[in-house]
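Enquirer: I'd like to go over a predicted model; first the sequence, then the structure.
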Amino acid sequence: MKVYRWFASRRLEKLFHLPLSRAGFLKLLAAVSGLFLFARRSGALALGSLGKTLDPRPARAAKTDCQLAAAKGENPDRLTRRAVEALGGIARFVRPGDVVVVKPNIGWDRTPEQAANTNPEVVAALVSLCREAGAKAVKVFDNPCNDARRTYANSGIQEAVRKAGGQIYYVSDWNFLTARFPCGSLMDGWPLYRDAVACDCFINVPVAKHHGLTRLTLSMKNLMGVCGGRRGSMHQEIDEKLVDVTAFIRPNLTVIDAYRILLRHGPTGGDVADVEPKHLVIASADPVLADAYAATLFGLEPESIGYIRLGAKRGLGSLDLKTADIQTFRV
Amino acid sequence: MLRRQAPLRVGRRIVQVLLFGLFLYIIWTTQYPLRGFINPGFLFQLDPLVMGITALAERLWLPGLLWALATLAVTFVFGRVFCGWFCPLGTLQDLVARLASPWRKNREREPGRGRFLKYFLLGGLALLAAAGLQLAWLFDPLAVFVRAFSFNVHPAVNRLVDRAFAVLLQSTDFYAPLAGLYQWLQEHFLDISHPVFPHASIILVMLVLLLAAALLRRRFWCRYLCPLGALLGLVSKFARLRRVSEACPANCAVCRDLCRVNAIRADQSTLSAECVMCFDCVADCPGGRSAFTFSGPPRARAARDPEAPGRLTRAQFLRWLAGVLGLFTLGARRTAAGTPAVRPVLRPPGALPEREFVQRCVRCGNCMKVCLTNVLQPAAWESGAEGVWTPRLATELSYCEYQCTLCGQVCPTGAIERLRLQEKLRTKMGLAVIDRSLCLPWSTGQECIVCEEHCPVSHKAIKVERRPNRLGQPVRVPAVDPQLCVGCGICEVKCPVSPKAIRVRPL
C-alpha cells in the first residue's frame, strides 16, 4: 500500500501533469516525429527497401562479322577465343574502362565433368579476353540453387576466375532490387541483381543441358541466375517470364558452353553417363539464335523449345538457322 | 621467505587470453570449408565430463576418452589448470568479474558447504549415466559456452555486420570499396548463409544468468555448480603441484580475499580440490609467504571436527543425497520409463538410431553451427524431453546439402557418424511425400515441377510423367520414387506453394 501511494503520488503526477508550454509541446512533437521518420528510414534501409528500382539495360549495338560462330576442338580455352574472334573479337563488345559481367551457370554443387555448371575454362577464357580488352572490372556471380560456397568451389569456376583476374563473389539478398518491367509483364516488380543490370557489358555464359520443365537450359534460362525472390514461382508460364528477363538484361554477347552437354536428368545431373562430350563452344550476339543452334545439338527443333519460339516472336532474335550467317571452325 | 612467483600469474593471464582467443577462433571457423586446424569436436574430447558420462551411459569406449584421460593426468600433476587457464566459461566469468571489480569488495568467508553442491551434481549425473541416461550436456561448461556462442552470439554478430554493410552500401556512394571489403569479409569471416536459430534464446539466458551470478560472486558457477570442476577437483585433491604457505604472523587474509574460488582457509591452508591455479595468492601476497611447489608437504588433513564450518555432518550429507537422488529419480522416471518420442523427427545424415542418438549427443551444437544450410536446428520438445536441443533436420526452414558431410566431421562423440561421401549419398534421412491437393500440376494443371528440377539424386528421386491430373488435364506431374529419395528436403524448400505441397516425413 505504501509503495502504491508513493508511486501514485510521485510518478503518475509527474507523468500526467507535466508542465509544458505550447512551444515546448510543438518542439517535443517535432522531435518525436523526426525520430520516428529517422527510425523508419533506417529501418527501410536495413531491410533493403529503399525504393531503389532497376530499369532495363540500354541496348548497345555491336556489329559482328557473322551472326553465330561455333568452334569445335579439344581445348575449351582456345575454342572460346576462336568463337569470339570469329564474331570480330571481344573489342566489339567490351570497350576499355567497361564494367563487365560474365554470368556463368554456377547453380549446382557439381564438378565440371558432370556438366551441370559452365565449364570453368570457358569462363576463365572470357574473363581474360575482357581483361585484355581493357575492362575495368570483370564481375562473375550467380544466384545458385545449392549452397553458394560449395557450387563456387566445386564447379571450379571460383579458382579459374581468380586466376584469370576477374572478381567472383557471392550474391547478397539485399542487393536484389525491384525491376521495372514493361507494363503487363508477369515479371513486373520482380527483384533482379543490381550488379547484373548496372554494368556496361553483359556476357551470358550458360552450359547447354537438359531441363525437366523447359526441356533445355540454355542462355535465356541461365538468366534466372540474376533473379531473386522465390524463384519457384517463376516456373508457371516460365517461357514468357524468361523472355521478359532476357529483354530486360539484353545480353551483349552469348557464349554457350557445349563442351560437355547433359542429355538426361537435368538440370542437376550428377551421373557422367548422362553427359556427352560435344567439344563445342558457340558464340553469338543474338541470344535466340545461340539457343536455337544449341537446341539442335540435342536433336531438338528450336521451335519445340517454348522460350526460343517466344523470344523470336518478340523480336529478341532469330531462330531461323537456315538463313542465318553461321560459321563453324575446327580448332 | 619463499621465492617470489609473480611471473606465474602473468603467464596464466597470457595463456588464458590466448587460449580463449583460440577457442573462439575454433568455434567461429566451424563452418565450411572447416579450415580451422583443430577440429571443434576435439575441444569436447578434452572434456572428461561429457566423454566420461557419455561413455558410461552408453557403456562403450569412445575414442575421445583418451584425450579426456590426458586432461585428468594433467590435472593430477598441475591441479585444475583446465578450469583456471583453459575453460572459456571460466575466462568469461573472470572477465565479467573484472568489469565489476570497482564496485565489488572481495570479502571471502571461510569456504562454506555450498561448494559440495557440484559434487552432488556430478554424483547425480554419474548415477543417471549408470542407469543409462546421459545428462552431462545440460551442465557441462564447454557445452554451455559453445551452445550460446553458436546459437546466439555468432548469428547475431553475423547478422549485424551483414545489415550494417547493407545499409552502408545502399545509402552511400562508396559502392566499389565497400563491396570489396564486404566480399573479403564474406570470404574469410562471415557465414554467407546467415544462420538463424529461432528457439535458442533460452540457451543464451542460461549463460547470461551464469555471468550475472559471476558479477556478484567471482566464479559462481565454478564454486557451486560445475560438475566438470567437481570431477577435476576430485583429481586435483591429490595434485602434485600445490600451494604452500609460511606461517603468516600478520594474518592479513589478503590471500583469502584474493581467491576467486574461495579455496583458502583462514589458517592459510588451501583446498586443493577448489584451487584453479590462478596464482593470485602468490603474486599479491604482501609478505611473499605463499608459493606453489611440487615438493610440498603431504596434504594436511583438517581435523575431523563436525562443527567446523564448511563440513557436512552425516545427517546433512544424507539429506542432501536423498534430495538429489529424489530429484534425479523423478527425471529418470520421466525419461527412462520408455516414454516413446512424441513423434519421430528427422535427424541429421548418419545419426545413430533415435534412442542411442539422444543419449550419445552432448548438445555441443557443433553440427548445427557447421551446417551449411542452417537446416540443423536444436529440437525443442519435438522428440520428447530426452531430445531437447538435439539436432533436428528442420526441412520447413531449409534443406540438407546433398554432397555435404560436415556435421559428422565435427561430432565429438560419434552420435552422427563420420560418413564418407559415397555413404552420405545413399543415406536416407526421410521420405518426401506429395500432397496432390496442394501441388500445382496435380491440383490446378499449372506447370511447375520445381521439386524435380532441384532433386539432387543423379537419376532423380522425383519422376515426372505427363498424365491426367485430378481434373483430368494432361500435364507433367511429379511423383516420388521411394527407392531413390534420401529425404534431403530441397524439394520442400523450393516448392513454390504454401503450405508446401511436398514434405519430408520421417521414415
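Expert: That came in fine, so what should we check first? Remember, predicted model here, so these are calculated numbers, not experimental data. Numbers count the residues shown, from 1 in each chain, chains lettered A, B, ... in the order given.
Enquirer: list the buried ones in stretch A:92-112?
Expert: Neighbour counts over stretch A:92-112 (16 or more other CB atoms under 10 Å in any protein chain shown) mark A:92-95, A:98-112 as buried. For glycine as for every other residue, the C-beta is placed from the backbone atoms N, C-alpha and C.
Enquirer: tell me how far the ends of it are from each other?
Expert: 29 Å (CA to CA, to the nearest Å).
Enquirer: Please state the offset of it from the chain centre?
Expert: How far stretch A:92-112 lies from its chain's middle: 9 Å, per CA atoms, centre = their mean, to the nearest Å.
Enquirer: got it, and stretch B:159-176?
Expert: On CA atoms, centre = their mean, the centre of stretch B:159-176 falls 33 Å from that of its chain.
Enquirer: Kindly report the same for stretch A:313-321.
Expert: 21 Å.
Enquirer: Equivalent analysis for stretch B:248-255, please.
Expert: The answer for stretch B:248-255 is 41 Å, by CA atoms, centre = their mean.
Enquirer: Tally up the residues packed near residue 280, please.
Expert: Went with chain A since none was named. 23 (other CB atoms under 10 Å in any protein chain shown).
Enquirer: please go with chain B instead
Expert: 17.
Enquirer: which non-adjacent residue is nearest residue 134?
Expert: Because you didn't say which chain, this covers chain A. Excluding its sequence neighbours, the residue lying closest to A:Gly134 (CB to CB, 6 or more residues apart in numbering or on different chains) is A:Pro96, at 3.2 Å.
Enquirer: oops, I was thinking of chain B
Expert: B:Ala57 (3.8 Å).
Enquirer: Can you give me the separation between the residue nearest the centre of chain A and B:Val493?
Expert: What sits nearest the mean C-alpha location of chain A, by CA atoms, centre = their mean, is A:Val226, with 2.5 Å. As judged by CB to CB, to the nearest Å, A:Val226 and B:Val493 stand 21 Å apart.
Enquirer: Could you do A:Val161 as well?
Expert: The value you get for A:Val161 to B:Val493, if CB to CB is used, is 28 Å.
Enquirer: The two - which one has more neighbours?
Expert: A:Val161 (27 against 21).
Enquirer: Regarding the more buried one, which helix or strand does it belong to?
Expert: Following DSSP states H and E, one finds A:Val161 within helix A:157-164.
Enquirer: check which helix or strand covers B:Leu43.
Expert: Counting by DSSP H and E, B:Leu43 is found in helix B:40-45.
Enquirer: list the buried ones in that helix?
Expert: Under 16+ other CB under 10 Å, the buried positions of helix B:40-45 are B:40-41, B:43-45.
Enquirer: Tell me the residues of the stretch 101-250 of chain B that contact chain A?
Expert: Residues of the stretch 101-250 of chain B lying close to chain A by CB under 8 Å from any CB of the partner chain are B:162-163, B:166-167, B:169-171, B:179, B:182-183, B:186, B:192-193.
Enquirer: farthest pair in those residues?
Expert: B:Ser171 and B:Ser193 (25.0 Å; CB to CB).
Enquirer: Between those two, which has more neighbouring residues?
Expert: Ranked by neighbour count (other CB under 10 Å), B:Ser171 and B:Ser193 place B:Ser193 first, with 19 against 11.
Enquirer: so who does the more buried one touch?
Expert: Neighbouring residues of B:Ser193 by CB atoms under 8 Å, 6 or more residues apart in numbering or on different chains: A:147, B:372-374.
Enquirer: Confirm that it sits in a strand.
Expert: No - going by DSSP: H, G, I helix; E, B strand; the rest coil, the assignment for B:Ser193 is coil, not a strand.
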